[in-house]
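# whatever this is, show me its structure:
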Amino acid sequence: MQHLEGLNKPQKEAVLHTEGPLLIVAGAGAGKTKTITHRIAQLVESGVSAHHILALTFTNKAAGEMRERVRKLLTGRGSMPLLTTFHSLGVRILREFHQEAGIPRAFSIWDRDDSIRAIKGILATLGSDQAPKGILAAISRQKGDGVSGAEYAARAQSYRQQLVARTWDLYEQELRKQGALDFDDLLLRTLRLLEEKSAVRSLLQDRWRYLTIDEYQDTNRSQYEIARLLAGERRNLCVVGDTDQNIYSWRGADIEHLLGFEVAFPGTKVVVLEQNYRSTRTILSAANSVIAKNVRRKEKHLFTENETGDPIVVYGAQNELDEAWFVAHSIMRLIEEGTTPGEIAVLYRENFQSRVLEEACLHLGVPYRVLGVRFFERKEVKDVLSYLRAALNPKSNADLARIIATPPRGIGKTTLEKMLRGEELTGAVGAKVTAFRTTLEAMKRAAETVPASEALRFCIESSGIEPWLRKDPEEGEERIGNVRELVNFATKYDDLSPPEGIERLLEEAALQSDQDELPVRIAGSRDNDDRVALMTVHASKGLEFDAVFVAGLEQGLFPSLRESSADAERDPEEERRLFYVAVTRAGKRLFLSYARERMKYGSRENALPSEFFEDIDERLMNAPSRETEREDIIE
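Have a look, this model is predicted:
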């Protein structure tokens, strides 16, 4: 029973409970991934076939880390369980049962930009000046709650609700016309399939007899119902989560799914993981005191056997520039003292805060990266992926419009409109259109017959993108490098039978999250991205660093006083949970800063320190005076 070694008592208790509903309340840094993966190993050890096990999480990065750990635990045992994300599972199910779902097998997956572009065009047609992002957010929230467009339209009353309903209807028509699903459809259409097709539901319940869900507090209504339906009468459902880290209510995550799990699944065994392996006692004491004020939570109190550690550094800056310089200088001193840049993170509540922080880092030569600029969102990468999507799905007008002049081939806007309407084209223009379609057909044959990386290489060569990019004297080589890196990335799918390799590549590109862009740091590896990470607190969830800076801790900024969405009710406890998440990212050093005045919307505003400071025992904090030299602050 080697997989039981190194587990503490509650972890072992959770691992050994394999039948019936199980709720694991896992505090920050309490080894939840270890518990999940060792429990999967225990299931296999007890005789459960690996293909009967399904584990779901929320990011490709988390799923990948889980797969690697399980693979090591199951070395020599043959097949692997399915460990994936909710959305990837939806793609898998919808492709397998596309006929039952009434959709094409080679459906395209629209990303957020595709959806916004479509809704922008629809709103223009309707003569509305509403913001496309706001309308899309309203539609997305309803889909996440398992609501269809028809159901929403039936109860729409206000002008805005009626506009959303009309836009939603036209949006769905456009998706069907182009043989596409958007991000939320991957869940909603899967849910509808499970609800309406009993044969499919029974087949999948028999296929996956043991279900594990990580970050259960982040599930929306659609994800909750999918899990409930897959668990079926066996009820072998293990969920892992922490009410104190529920920070996504603005996009549909419902904390009640975790709070009410024992009611929904009578007879649930509850295990609480409270021992933290990440942070110092000082940091944990601050975290515990901050979150204790919240009422809607599963009670727990994190503790650690780690050292007491250094005091939390609190810096009251004159303004945002002074704050940024403090952060940059402190980072430089940490690096000089031996902390690697990749083990340092700067967190903030809003994206606009990154600008002055970046300027200070640039001036002092601090190596950094801003999380959120995704590889798959680079124009040249999206162009290549659009070629593949158009080749596999000729109905995808959005992709055709993107690539028709990339590179230029003498086909203008008027000709494109005729193409999209299906008009017959003759003469020189017709010959160009025929050549273009012939190229797409060749790409499709490659995707269906050769490994993914070879198909991608053929796509790049036949499209003419590389020589076209080379004409750009400033950024051409870098952009070509990105295109070639896409080929390298595709090799991970070369062992899959065509066209599954290309389909999986397109799926991963469409479903990539901010966190998936941050590489996992591996001790001793030369491939680690050794730069300081700048990101929002939301993007930091699930990550950990030796040293963490939380900037902008002012009333009105953090905690934020603005509404997250026009259609969402504000959870008054969520800002405190968000701060708790920020604090618990830190392992050894924690720095908290605020500015007495900050530039907002072009004017300077006075600010008060965040109320969160009042929750932390003064004895845990070191607040240097204004006269203290920055170089002395972290000594």
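
# alpha carbons only for contacts and neighbour counts from here, please
Noted.

# could you list the low-pLDDT ranges of this protein?
Low-confidence segments of the chain (pLDDT under 70): 1, 372-374, 513-529, 562-570, 601-603, 624-635.

# longest helix in it, please.
helix 427-449 (DSSP state H).

# what sits up against that helix?
For helix 427-449, the external contacting residues (C-alpha atoms under 8 Å, 6 or more residues apart in numbering) are 387-388, 390-392, 409-411, 415, 424-425, 454-456, 458-459, 462-463, 498-499, 502.

# buried residues in the next helix or strand after that helix?
Beyond helix 427-449 in the direction of the C-terminus, DSSP states H and E gives the next helix or strand as helix 452-463. By neighbour count with 16 or more other C-alpha atoms under 10 Å, helix 452-463 contains the buried residues Ala452, Ser453, Glu454, Ala455, Leu456, Arg457, Phe458, Cys459, Ile460, Ser463.

# between helix 452-463 and helix 427-449, how many degrees?
170 degrees (axes from the mean of the first three to the mean of the last three C-alpha atoms, to 10 degrees).

# given the strand ranked longest in the chain, what are its sheet partners and their directions?
Taking DSSP state E as the criterion, the chain has its longest strand at strand 586-595. As defined by DSSP bridges, the strand partners of strand 586-595 come to strand 312-317 (parallel), strand 545-550 (parallel).

# tell me where the stretch 51-200 of the chain has strands.
Ranges of strands within the stretch 51-200 of the chain are 53-57, 82-85, 108-110, 180-182, based on DSSP state E, counting those that start in this stretch.

# just the stretch 301-450 of the chain next, same as before
Assigned by DSSP E, counting those that start in this stretch, the stretch 301-450 of the chain shows strands spanning 312-317, 344-348, 368-370.

# deepest-packed of the ones you listed, please.
Ranked by mean neighbour count under mean count of other C-alpha atoms under 10 Å, the strands of the stretch 301-450 of the chain are led by strand 344-348, which reaches a mean of 25.

# follow-up on the earlier one: closest one to Asp169 among the strands paired with strand 586-595?
Checking the strands paired with strand 586-595 against Asp169 by C-alpha to C-alpha gives strand 545-550 as the closest, at 42.7 Å.

# any buried residues in that closest one, and which?
Buried residues in strand 545-550, defined by neighbour count with 16+ other C-alpha under 10 Å: Phe545, Asp546, Ala547, Val548, Phe549, Val550.

# just flag the most distant two among the residues you listed.
Across the buried residues of strand 545-550 (C-alpha to C-alpha), the longest gap, 13.3 Å, separates Asp546 and Val550.

# joint contacts of these two?
Counting by C-alpha under 8 Å, 6+ apart, Asp546 and Val550 have no common neighbour.

# measure the closest residue to Trp168 other than its chain neighbours to Ser289 for me?
Closest residue to Trp168 apart from its sequence neighbours, by C-alpha to C-alpha, 6 or more residues apart in numbering: Gly149 at 6.3 Å. According to C-alpha to C-alpha, to the nearest Å, Gly149 stands 44 Å off from Ser289.

# between these two, which has more neighbouring residues?
Set Gly149 next to Ser289 and count neighbours by other C-alpha atoms under 10 Å: Gly149 wins out with 19 against 16.

# which ones are touching Ala401?
Counted by C-alpha under 8 Å, 6+ apart, Ala401 has contacts Leu416.

# give me that answer again for 10 Å
Ser386, Ala390, Lys413, Leu416, Glu417, Met419, Leu420 (C-alpha atoms under 10 Å, 6 or more residues apart in numbering).

# buried subset of those residues?
Looking at these with 16+ other C-alpha under 10 Å, the buried ones turn out to be Ser386, Ala390, Leu416, Met419.

# want to throw those into TSV with distance to His363?
Output for these, formatted as TSV (distance: C-alpha to C-alpha, whole Å):
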residue	distance to His363
Ser386	38
Ala390	44
Leu416	47
Met419	51
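
# quick one: which of those residues is nearest Phe612?
Closest approach to Phe612 among those (C-alpha to C-alpha): Ser386, at 46.4 Å.

# distance of that closest one from Ile122?
Relative to Ile122, and taking C-alpha to C-alpha, Ser386 is found at 22 Å.

# who's in contact with Val270?
Shown in contact with Val270 (C-alpha under 10 Å, 6+ apart): Pro10, Glu13, Ala14, Pro21, Leu22, Leu23, Ile24, Val25, Cys238, Val239, Phe261, Glu262.

# next, count neighbours for the closest residue to Leu561 other than its chain neighbours.
Leaving aside its sequence neighbours, Leu561 sits nearest to Gln555 (C-alpha to C-alpha, 6+ apart; 7.9 Å). Other residues near Gln555 number 16, with proximity taken as other C-alpha under 10 Å.

# list the contacts of Gln555.
Gln555 makes contacts with Leu561, Tyr594, Ala607, Leu608, Pro609, Ser610, Glu611, Phe612, as judged by C-alpha under 10 Å, 6+ apart.

# may I ask which two of the residues you listed are separated the most?
The distance between the two most remote of those (C-alpha to C-alpha) is 16.1 Å, for Leu561 and Tyr594.

# circling back to that earlier point, can you put the buried residues of strand 545-550 in TSV and add distance to His3?
Output for these, formatted as TSV (distance: C-alpha to C-alpha, whole Å):
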residue	distance to His3
Phe545	27
Asp546	28
Ala547	31
Val548	33
Phe549	36
Val550	37
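
# buried residues in stretch 329-349, which are they?
Along stretch 329-349, these residues count as buried under the neighbour rule (16+ other C-alpha under 10 Å): 329-335, 340-349.
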